[in-house]
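Novice: pasting the structure only:
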């Protein structure tokens, strides 16, 4: 990958025909160090958020030595780019072949489950192994999440005690509980509420958990979605853990994905045509802009042009390059009023679930990758202003306004 100081330097120095993932490893490194220093437990990176080799390597080199994996390809990716890292197979439903390959070929010993059938499958596929760490995925409320994940996975409170007891009896090693409060959680106390719910199930089952895994859901900052400071989430989790009915040696885990990589990449797209307030780009919902289309997230944008731009900002909508009419992103995306064909637009905060969601539909989907050294458009870690406006502001390309930076607090210790 080539390195450029800013996206504009890239545009000036080379011909850009395909969309470009603009990578900021320093942002991922800072996020990794924050979790390493402030979360009082083991941090597992959720590889699904961004399975790029640079992301895995950067996090590993900056203290994230455990990875939440959901498939054999993710296991192979981590084995190659983070050799020796700890892996947990946290998908609650896996094929027998995948379980067997993970256990026998890659040394994975941690497996998630949310049913008696999955428990039996894990035991059978590992040859009735007794050195397993079995993680029971619990269903919890996702009311504080922008993107709820309830319904597909998780054993409910009524059925949980019996499954917890079965998992406890099935292994001579460790048994734990996990849950997920939903993606882009905006309420720190959601973790405490979930931990209290899980604790009640453990009491009813009459078992102790060796591990409490609070899952992912840690947020990033987007226009119109400005979460509390990351320290508030860590504090809420630590308080909830102290209140749980667990023993002194119980481990605390988490599985951040978005919060580790969202700031670490953006997208450079080219305008192929303008029709009024509609801009047709060379990337879209079948590429890196899935969330912009399907969840209507108005990601931050700025014009990348080697020359002057209008000081007037206007709202635009985007269309992607495919023939599918669903390939549209309503925004609004605020850009200079004179944006035109041939201009480049940087779309920020796409390090999580950007390239990870890309397809090859209609022959599109190829991305170039370049490293840039400037700051992300927003940051939970003090790299940039935390708040992104959702309306017009004064000044050319004034798409980011300076507000409060992420707060710093002293680490609480158990």
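Specialist: That came through fine. None of the values given here were measured: they were computed from a predicted structure.

Novice: helices or strands up against the strand or helix carrying residue 345?
Specialist: Applying DSSP states H and E as the criterion places residue 345 in strand 344-347. With contacts defined as 3 or more Cβ pairs under 8 Å, 6 or more residues apart in numbering; DSSP states H and E, the packing partners of strand 344-347 are helix 7-13, strand 265-275, strand 301-304, strand 328-336. For every residue, glycine as well, the C-beta is placed using N, CA and C.

Novice: Pick the most buried one from the ones you listed.
Specialist: Greatest average neighbour count among these goes to strand 301-304 (a mean of 24), per mean count of other Cβ atoms under 10 Å.

Novice: Adjacent strands (with direction) for that one?
Specialist: Here strand 301-304 is paired, per DSSP bridges, with strand 344-347 (antiparallel).

Novice: domains in this structure, as residue ranges please.
Specialist: Domain assignment for the chain by automatic domain parsing gives 2-22+263-372, 25-261.

Novice: quick revisit: mind giving me TSV with the helices and strands packed on strand 344-347 and columns for distance to residue 209?
Specialist: Shown next, in TSV, are these (distance: least, Cβ to Cβ, whole Å):
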stretch	distance to residue 209
helix 7-13	47
strand 265-275	35
strand 301-304	45
strand 328-336	42
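
Novice: So for residue 356, which of these sits nearest?
Specialist: strand 265-275 (10.2 Å; Cβ to Cβ).

Novice: That closest one versus strand 328-336: what angle between them?
Specialist: Relative orientation of strand 265-275 versus strand 328-336 (axes from the mean of the first three to the mean of the last three Cα atoms, to 10 degrees): 90 degrees.

Novice: I'd like the mean pLDDT over strand 265-275, please.
Specialist: For strand 265-275, the mean pLDDT works out to 97.

Novice: Check what contacts it and list those residues.
Specialist: 7, 10-11, 16-17, 19-24, 50, 52, 279-283, 288-289, 304, 321, 339-351, 354-355, 376-377 (Cβ atoms under 8 Å, 6 or more residues apart in numbering).

Novice: For ChimeraX, what selects the buried ones among the residues you listed?
Specialist: Selecting only the buried entries of these in ChimeraX, with 16 or more other Cβ atoms under 10 Å as the criterion:
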select :7,10,11,16,19,20,21,22,23,24,50,52,279,280,281,282,283,288,289,304,321,339,343,344,345,346,347,348,349,350,351,354,355,376,377
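
Novice: Which ones among the contacts of strand 265-275 lie within helices?
Specialist: Judged by DSSP state H, helices contain the following of the contacts of strand 265-275: 7, 10, 11.

Novice: In CSV: the residues you listed, plus distance to residue 298.
Specialist: Formatted as CSV, the ones in helices among the contacts of strand 265-275 follow (distance: Cβ to Cβ, whole Å):
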residue, distance to residue 298
7, 19
10, 24
11, 23
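
Novice: And the helices in the protein, which stretches?
Specialist: Under DSSP H, the chain gives helices at 7-13, 25-38, 53-61, 72-81, 96-100, 106, 116-125, 160-170, 189-205, 230-243, 258-261, 290-294.

Novice: Adding distance to residue 217 and mean pLDDT, write those out as a markdown table.
Specialist: Listed next are the helices of the chain as a markdown table, based on distance: least, Cβ to Cβ, whole Å; pLDDT from 0 to 100:
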| stretch | distance to residue 217 | mean pLDDT |
| --- | --- | --- |
| helix 7-13 | 30 | 95 |
| helix 25-38 | 14 | 97 |
| helix 53-61 | 18 | 97 |
| helix 72-81 | 19 | 98 |
| helix 96-100 | 25 | 98 |
| helix 106 | 27 | 97 |
| helix 116-125 | 22 | 98 |
| helix 160-170 | 20 | 95 |
| helix 189-205 | 8 | 94 |
| helix 230-243 | 9 | 96 |
| helix 258-261 | 8 | 97 |
| helix 290-294 | 15 | 91 |
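
Novice: most tightly surrounded among these?
Specialist: By mean count of other Cβ under 10 Å, those have helix 258-261 as the most buried, with a mean of 28.

Novice: quick check, distance from that helix to the centre of its chain.
Specialist: 5 Å (Cα atoms, centre = their mean, to the nearest Å).

Novice: do stretch 227-234 as well
Specialist: From the chain centre to the centre of stretch 227-234 is a distance of 16 Å (Cα atoms, centre = their mean).

Novice: now swap in stretch 22-31 and tell me
Specialist: Distance of stretch 22-31 from the chain centroid (Cα atoms, centre = their mean) equals 14 Å.

Novice: for stretch 246-255, same thing?
Specialist: Using Cα atoms, centre = their mean, the offset of stretch 246-255 from its chain centre is 22 Å.

Novice: and what of stretch 102-121?
Specialist: 23 Å.

Novice: end to end, how far does it reach?
Specialist: Using Cα to Cα, to the nearest Å, one end of stretch 102-121 lies 13 Å from the other.

Novice: try stretch 313-327
Specialist: 24 Å.

Novice: Same question for stretch 167-182.
Specialist: Note: stretch 167-182 ends 24 Å apart using Cα to Cα.

Novice: mind giving me CSV with the helices of the chain and columns for distance to residue 45?
Specialist: Below are these laid out as CSV (distance: least, Cβ to Cβ, whole Å):
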stretch, distance to residue 45
helix 7-13, 26
helix 25-38, 8
helix 53-61, 5
helix 72-81, 9
helix 96-100, 20
helix 106, 17
helix 116-125, 23
helix 160-170, 25
helix 189-205, 18
helix 230-243, 16
helix 258-261, 6
helix 290-294, 19
